[in-house]
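Undergrad: Dropping the sequence and predicted coords here.
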Amino acid sequence: MAVPIRVAVTQAEPVYLDLAGSVKKACGLIAEAAQNGARLIAFSECWLPGYPAWIWARSVDFELQTRYIYNSLPLESEAMESVKVAARENSIAVVLGFSEQSPSHSIYISQAVISPQGHVLLHRRKIKPTHMERTVFGDGTGADLNNVVEVDFGPEHGKIKYLSR
């Protein structure tokens, strides 16, 4: 019979509009969770570089929007590699909510599931951002309907199916 696993849920703020600072903080939280016995850590929607809450309080803000785009996380980047290395070095799975910057500088509400070995097992985008989120984020595609992935936690814990919503 598999042994239950401990899961950490991040309730810390990122370093808003600072991708490098937020990645550094995320890597520290990943290490802290692992040191406290967690086998999986979850970060909320758009944790990197922070949720753009200003969209609900004002009309479009081009200065903030530009800063947000340039501090969003490209999937293939040194910043994402740092998160994958933190997962691998600490043998912990990571569910990362982030604002993804595409090569064309469009941004998406995205999620990645990273294995304890540091591999991206699942990458998906929010299919339809809600209301004011549409002023910032693009739509996902049908490919983003794939939202179940198997994470292997080793022989004593077994495998779990992770359902991403």
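TA: Thanks, I have the structure now. In this text the structure is predicted, and so the values were computed from the model without any measurement.
Undergrad: so where do the strands sit in this protein?
TA: For the chain, the strands identified by DSSP state E occupy 6-9, 38-42, 93-101, 107-114, 120-125, 148-152, 159-163, in order along the chain.
Undergrad: what's the least confident stretch among these?
TA: When those are compared by mean pLDDT, strand 159-163 comes last with a mean of 49.
Undergrad: of all the strands of the chain, which lies closest to Val23?
TA: Minimum separation from Val23 across these (Cβ to Cβ) falls at strand 93-101, 9.6 Å. Where C-beta positions appear, they are placed from N, C-alpha and C, glycine not excepted.
Undergrad: Just want the angle from the closest one to strand 120-125.
TA: Angle, strand 93-101 to strand 120-125, by axes from the mean of the first three to the mean of the last three Cα atoms, to 10 degrees: 40 degrees.
Undergrad: helices or strands next to strand 93-101 in the packing?
TA: Strand 93-101 is packed against strand 38-42, helix 62-70, helix 78-90, strand 107-114, with contacts defined by 3 or more Cβ pairs under 8 Å, 6 or more residues apart in numbering; DSSP states H and E.
Undergrad: could I get the ones you listed as a markdown table with mean neighbour count and distance to Asp139?
TA: Output for the helices and strands packed on strand 93-101, formatted as a markdown table (neighbours: other Cβ atoms under 10 Å; distance: least, Cβ to Cβ, whole Å):
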| stretch | mean neighbour count | distance to Asp139 |
| --- | --- | --- |
| strand 38-42 | 22 | 24 |
| helix 62-70 | 14 | 16 |
| helix 78-90 | 18 | 22 |
| strand 107-114 | 24 | 8 |
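Undergrad: now these as TSV including distance to Lys126?
TA: TSV is the format used below for the helices and strands packed on strand 93-101 (distance: least, Cβ to Cβ, whole Å):
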stretch	distance to Lys126
strand 38-42	16
helix 62-70	16
helix 78-90	18
strand 107-114	4
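Undergrad: Enumerate every residue touching the residue nearest to the spatial centre of the chain.
TA: Residue closest to the mean C-alpha point of the chain, counted by Cα atoms, centre = their mean, is Leu96 at 2.0 Å. Contact partners of Leu96, counting by Cβ atoms under 8 Å, 6 or more residues apart in numbering, are 26, 43, 47-48, 83, 111-114.
Undergrad: Need the single longest helix in the chain, by residues.
TA: Scanning the chain for the longest helix, with DSSP state H as the assignment, gives helix 19-35.
Undergrad: what about it, average pLDDT?
TA: 99.
Undergrad: Flag every buried residue along it.
TA: Within helix 19-35, the residues that qualify as buried are 19, 22-23, 25-27, 29-30, 33-34, counting by 16 or more other Cβ atoms under 10 Å.
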